[in-house]
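In: Predicted structure and sequence below. I'll ask about it afterward.
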Amino acid sequence: MTGETDLQRLLASMTPQLLPDVHVFVTLPPGVAMPDGLDPVMSFREREGLTLIVTEDKAKSAGPAGTFRCRMITLNIHSSLEAVGFLAAITTRLAAAGMGVNPVSAFYHDHLFVPAERAEEALAILRQLAAESGG
């Protein structure tokens, strides 16, 4: 299965789910080993270092300082990696509310990391967008 590509269907059929944990972004310089117990939900290697998204609790217990306290919203629709405009429509709507978002696309779903204190507001905005799109 390659996932949905139709923008209208993606927006109308997404069922955003707010996960309970608070996450933070952590960066480790090149050559520094990842501390035991971090168990990142996402990792990405850049030339400046390794970026990890981990729960705030795990970051505190493992030692590295985290930044951007956020909550994860999973858009429960299997979006194609080639879908055009899905995240653009979502991030534009959140931006209109003055909200920053860090989107991450995985094979099956897209995930949004939104400010922890505005997570419920983000969820409401996404549900409204889905309803307006025919969901």
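Out: Cool, got the structure. Here the structure is a predicted model, which is why all the values come from computation and not from measurement.

In: pLDDT averaged over stretch 75-92 - what is it?
Out: Mean pLDDT, computed over stretch 75-92, is 92.

In: Quick one: residues in contact with that stretch.
Out: By CB atoms under 8 Å, 6 or more residues apart in numbering, the residues outside stretch 75-92 that reach it are 1-5, 7, 10-11, 13-17, 101, 103, 105, 107-112, 126, 129. (Glycine included, C-beta is placed from N, CA and C.)

In: The strand or helix carrying residue 74: what's the following helix or strand?
Out: Using DSSP states H and E, residue 74 maps to strand 67-75. The helix or strand immediately downstream of strand 67-75 is helix 86-96, counting by DSSP H and E.

In: list the buried ones in that next one?
Out: Neighbour-count burial for helix 86-96 flags 86-87, 90-91, 93-94 (criterion: 16 or more other CB atoms under 10 Å).

In: Report the two of those residues separated the most.
Out: Across these, the longest distance by CB to CB is 13.1 Å; it joins 86 and 94.

In: so what's the most centrally placed residue in the chain bridging to?
Out: For the chain, the residue nearest the mean C-alpha position is residue 112 (2.4 Å; CA atoms, centre = their mean). Residue 112 forms beta bridges with residue 73, residue 103, as assigned by DSSP bridges.

In: Quick one: residues in contact with stretch 125-135.
Out: In contact with stretch 125-135 (CB under 8 Å, 6+ apart) are residues 8, 11-16, 73, 75, 89-90, 93-94, 97, 99, 112.

In: so which of the residues you listed comes closest to residue 25?
Out: residue 112 (13.6 Å).
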